[in-house]
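Visitor: sequence first, predicted model second:
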Amino acid sequence: MANGNSNGDDYPNIVELNVGGVFYTTSLSTLIKEKESLLGQIFSGQCKAAPTILKDNKGKYFLDRDGVLFRYVLDYLRNQKLVLPENFHEKERLKQEADFFKLPTMSKCIGAVPQSRENGSILVGYRGTFAFGRDGLADVKFRKLGRLLVCGRISLCREVFGDSLNESRDPDRGSIDRYTSRFFLKHTFLEQAFDNLIEAGFQLSGSCGSGTNSAGEVKPGMDEECKWNHYNEFIFVRF
């Protein structure tokens, strides 16, 4: 969105929105119900400093925000009260949205909602090898991890790992209640991942791993470290 003047008469009584790729249809009166909010400023046209809003290629007004959480912003504007589902675990993200849209009363209501704890399991896995020193000798003190993989329910993974969770390989940014095996962490510190899980109340339930392929010969073109490749998984649960 860019700054500029807008005229409330330019907006239809029925407004179609594209919020982060999620489509909504609502009334203009709902969007301008709270005049001091960001949506109220944009769609009423009464504030000269209000940003103008862009349209997508289908003519829907576009907001570059969390499309899934916007449903609660819209419900709040419609009903002037906050109603969240049981076991809602995105309070901090929703508060961020309420602050962005300049809805202080909604933000205050979110802060008053008791934090519920979602139980479940998270699997952390990694492929690793061992660094090599002089004369091609493995130095087992130097573990090399390529990537820490995370599998589980999206809401749980986000709660535990926060900003360190990399969701770029996840093809579907839909419901937070779904499960995925496409997450990985932005760091390769296994113990840091364990600390995050323990701090969130998880306990190690089980683990498994493959042995290294140290008995195999290194084929031409293969790195010496390949024969030390191994894979491990750790299952954490919270009851």
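Guide: Looks like it came in fine.

Visitor: how far does stretch 165-173 sit from its chain's centre?
Guide: Stretch 165-173 sits 8 Å away from the centroid of its parent chain (C-alpha atoms, centre = their mean, to the nearest Å).

Visitor: show me this structure divided up by domain.
Guide: Domain segmentation of the chain under automatic domain parsing yields 2-111, 120-238.

Visitor: with mean neighbour count as extra columns, can I get the ones you listed in CSV?
Guide: To be clear about C-beta, it is placed using only N, CA and C from the backbone, and glycine gets the same treatment. Below are those laid out as CSV (neighbours: other C-beta atoms under 10 Å):
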stretch, mean neighbour count
domain 2-111, 16
domain 120-238, 15
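
Visitor: now render these as JSON lines, adding mean pLDDT.
Guide: Output for the domains of the chain, formatted as JSON lines (pLDDT from 0 to 100):
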{"stretch": "domain 2-111", "mean pLDDT": "87"}
{"stretch": "domain 120-238", "mean pLDDT": "84"}
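
Visitor: what's the host helix or strand of Ala193 packed up against?
Guide: In this structure, Ala193 sits in helix 190-199 according to DSSP states H and E. Contact here means 3 or more C-beta pairs under 8 Å, 6 or more residues apart in numbering; DSSP states H and E; on that basis helix 190-199 packs against strand 120-132, strand 138-153, helix 154-161.

Visitor: CSV for these, including distance to Val73?
Guide: Shown next, in CSV, are these (distance: least, C-beta to C-beta, whole Å):
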stretch, distance to Val73
strand 120-132, 27
strand 138-153, 23
helix 154-161, 18
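
Visitor: which one of these lies nearest to Leu17?
Guide: The closest of the helices and strands packed on helix 190-199 to Leu17 is helix 154-161. By C-beta to C-beta, the value is 23.3 Å.

Visitor: got a list of contacts for that closest one?
Guide: 89-90, 93, 118, 120, 122, 150, 165, 175-180, 183, 185, 193, 196-197, 200, 202 (C-beta atoms under 8 Å, 6 or more residues apart in numbering).
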